[in-house]
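**Student:** What would the 3D arrangement of this be:
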Amino acid sequence: MCTVVFLASCTNSNLGTLGGKPVSGGQVVEMRGIYSARAPIGDDWKTKIDRAKGAMTFNRSSPDGRFTFVGIFPGYLNPGNEKQTEDEIVSMVLGGEENRERERGATRSYSLKDLSKDVVTIGEKKLHVMKYTVSDRTPVPMEIECAFYLYLPPELKMNRVFYAFRIADVLSVRESVYETDMKLIEYVIDGFQYRNQPYH
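**Tutor:** Numbers count the residues shown, from 1 in each chain. Below is the predicted model:
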């Protein structure tokens, strides 16, 4: 088993309250000496930091109902699980996340589609990626493109800490259709710097 601090799913109702402190695109934001990250490129971003959970999020929204959410969430493996292979850890984390999203959808009127998994390199970081689209039917019908990036640092077997990056971006709401820019989260991941120390 593993514990991951995931404060948000990919539906608007579960993102928590959007808003926060205004931040400039590309600005470096610190998480109490544990890690730092750059805000996504572009304008109108706000950031929220949960120091107790080590989570950092960026969001922006518009009056027509569109929002974009990018988050960084630490997690850690329970003692002994660090001895598993990389594939086993990835399967455990991504499989757990997929199951949570499907369970949420069954009770909150949304469904997943177009789910895919891949491995990518951003900067010098190897990431395991799960992408999918959420069709949310309440309260306002919309489609949201989501991606979950899992980063297993080289020190994982020593301190059991890993990081998850999430993006949720509205593809369509009412009659409006948009295009998701995955470079927003790639920019955040590329600028992410951790301090090689346990979170918990």
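**Student:** Now do the contacts for F69.
**Tutor:** By C-beta atoms under 8 Å, 6 or more residues apart in numbering, the contact list for F69 reads 8, 15, 18, 57-59, 166-169. For every residue, glycine as well, the C-beta is placed using N, CA and C.
**Student:** What distance do you get for D118 to V129?
**Tutor:** Distance check for D118 against V129: by C-beta to C-beta, to the nearest Å, it reads 5 Å.
**Student:** For these two, indicate the residue with more neighbours.
**Tutor:** Of the pair D118 and V129, V129 is the one with more neighbours under other C-beta atoms under 10 Å, namely 18 against 10.
**Student:** Model confidence for that one, exactly?
**Tutor:** pLDDT recorded at V129 is 97.
**Student:** Mind listing the residues bridging to it?
**Tutor:** Beta-bridge partners of V129, counted by DSSP bridges, are D118, Y149.
**Student:** just checking, it touches Y149?
**Tutor:** Yes: here V129 reaches Y149: they are 5.3 Å apart, a contact under C-beta atoms under 8 Å.
**Student:** Which residues are in contact with each of these two?
**Tutor:** With contacts taken as C-beta under 8 Å, 6+ apart, V129 and Y149 have V120 as neighbours in common.
**Student:** Which strand or helix spans the residue nearest to the spatial centre of the chain?
**Tutor:** With distances taken as C-alpha atoms, centre = their mean, R166 lies nearest the centre of the chain, 1.4 Å away. R166 is located in strand 161-173, with elements delineated by DSSP states H and E.
**Student:** List the pairing partners of that strand within its sheet, with orientation.
**Tutor:** Sheet pairing of strand 161-173 (DSSP bridges) gives strand 67-77 (antiparallel), strand 142-151 (antiparallel), strand 176-177 (antiparallel).
**Student:** If you average pLDDT over each of those, which is lowest?
**Tutor:** With a mean of 83, strand 176-177 has the lowest mean pLDDT of these.
**Student:** Please state the offset of that one from the chain centre?
**Tutor:** 23 Å (C-alpha atoms, centre = their mean, to the nearest Å).
**Student:** Can you name the next helix or strand after that strand?
**Tutor:** Heading C-terminal from strand 176-177 (DSSP H and E), you reach helix 183-190.
**Student:** circling back to that earlier point, and of the strands paired with strand 161-173, who's closest to R195?
**Tutor:** Nearest to R195, of all the strands paired with strand 161-173, is strand 67-77, at 11.5 Å by C-beta to C-beta.
**Student:** Please save the CA atoms from the closest one in CSV.
**Tutor:** As requested, the backbone C-alpha atoms of strand 67-77 are provided in CSV (Å, rounded to 0.1, in the frame of the first residue of the first chain):
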residue,chain,number,x,y,z
PHE,A,67,-10.9,26.4,-15.4
THR,A,68,-7.4,24.9,-15.5
PHE,A,69,-5.8,23.3,-12.5
VAL,A,70,-2.2,22.1,-12.0
GLY,A,71,-1.2,20.4,-8.7
ILE,A,72,1.8,18.8,-7.0
PHE,A,73,1.1,16.2,-4.4
PRO,A,74,3.7,14.2,-2.4
GLY,A,75,3.1,10.6,-1.4
TYR,A,76,5.0,7.9,0.3
LEU,A,77,5.2,4.1,0.3
